[in-house]
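*Asks:* give me the fold of what follows.
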Amino acid sequence: MLAVEKSHRKRGIGSKLVKMAIKVMVEMKADVVVLETEITNKGALSLYANLGFVRDKRLHKYYMNGVDAFRKKLWLTSPSPHDSH
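*Replies:* I've put the predicted structure just below:
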């Protein structure tokens, strides 16, 4: 889980943390980054979109509070033909 305290948001901290995590995944030869975020979390959705993540699917009632989530993906390599998303 990745979160930035409300009082520290809008300073690029979240973006820097995600970029650091992606860098490690690239170094480890990962093919894709997959994450989930609440559909109501506009800040996170904007952050991930700006970093190149695309929406994969909607997960109904994914969180314990009953809120839906979007699964997002960032391809680090070209997807293979058998990958559906």
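*Asks:* leaving out the residues flanking it, which one is nearest to the most centrally placed residue in the chain?
*Replies:* Taking C-alpha atoms, centre = their mean, the centroid of the chain lies closest to Leu35, which sits 4.3 Å from it. Nearest non-adjacent residue to Leu35, counting by C-beta to C-beta, 6 or more residues apart in numbering: Lys72, 5.4 Å away. Yep, even glycine has a C-beta here, placed from its N, CA and C like the rest.
*Asks:* what do you get for Lys73?
*Replies:* For Lys73, the spatially nearest residue (C-beta to C-beta, 6+ apart) is Asp56, at 4.8 Å.
*Asks:* give the pairing partners of the host helix or strand of the one you found; include direction for each.
*Replies:* Using DSSP states H and E, Asp56 falls within strand 54-59. The pairing partners recorded for strand 54-59 under DSSP bridges are strand 69-75 (antiparallel).
*Asks:* list the buried ones in the strand it pairs with?
*Replies:* 69-74 (16 or more other C-beta atoms under 10 Å).
*Asks:* got the angle between the helix with the most length in the chain and strand 69-75?
*Replies:* The residue-count maximum for a helix in the chain (DSSP state H) belongs to helix 13-27. If you take axes from the mean of the first three to the mean of the last three C-alpha atoms, to 10 degrees, helix 13-27 sits at 50 degrees to strand 69-75.
*Asks:* what packs against helix 13-27?
*Replies:* strand 32-38, helix 42-50 (3 or more C-beta pairs under 8 Å, 6 or more residues apart in numbering; DSSP states H and E).
*Asks:* send the alpha carbons of it over as CSV?
*Replies:* Only the C-alpha atoms of helix 13-27 are listed here, as CSV (Å, rounded to 0.1, in the frame of the first residue of the first chain):
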residue,chain,number,x,y,z
ILE,A,13,5.8,12.8,-3.0
GLY,A,14,3.3,10.2,-4.3
SER,A,15,4.7,10.5,-7.8
LYS,A,16,8.2,10.2,-6.6
LEU,A,17,7.4,7.1,-4.5
VAL,A,18,5.6,5.4,-7.4
LYS,A,19,8.4,6.2,-9.8
MET,A,20,10.9,4.7,-7.3
ALA,A,21,8.8,1.5,-7.0
ILE,A,22,8.5,1.3,-10.8
LYS,A,23,12.3,1.7,-11.2
VAL,A,24,12.9,-1.3,-8.9
MET,A,25,10.4,-3.4,-10.8
VAL,A,26,12.1,-2.5,-14.1
GLU,A,27,15.5,-3.5,-12.5
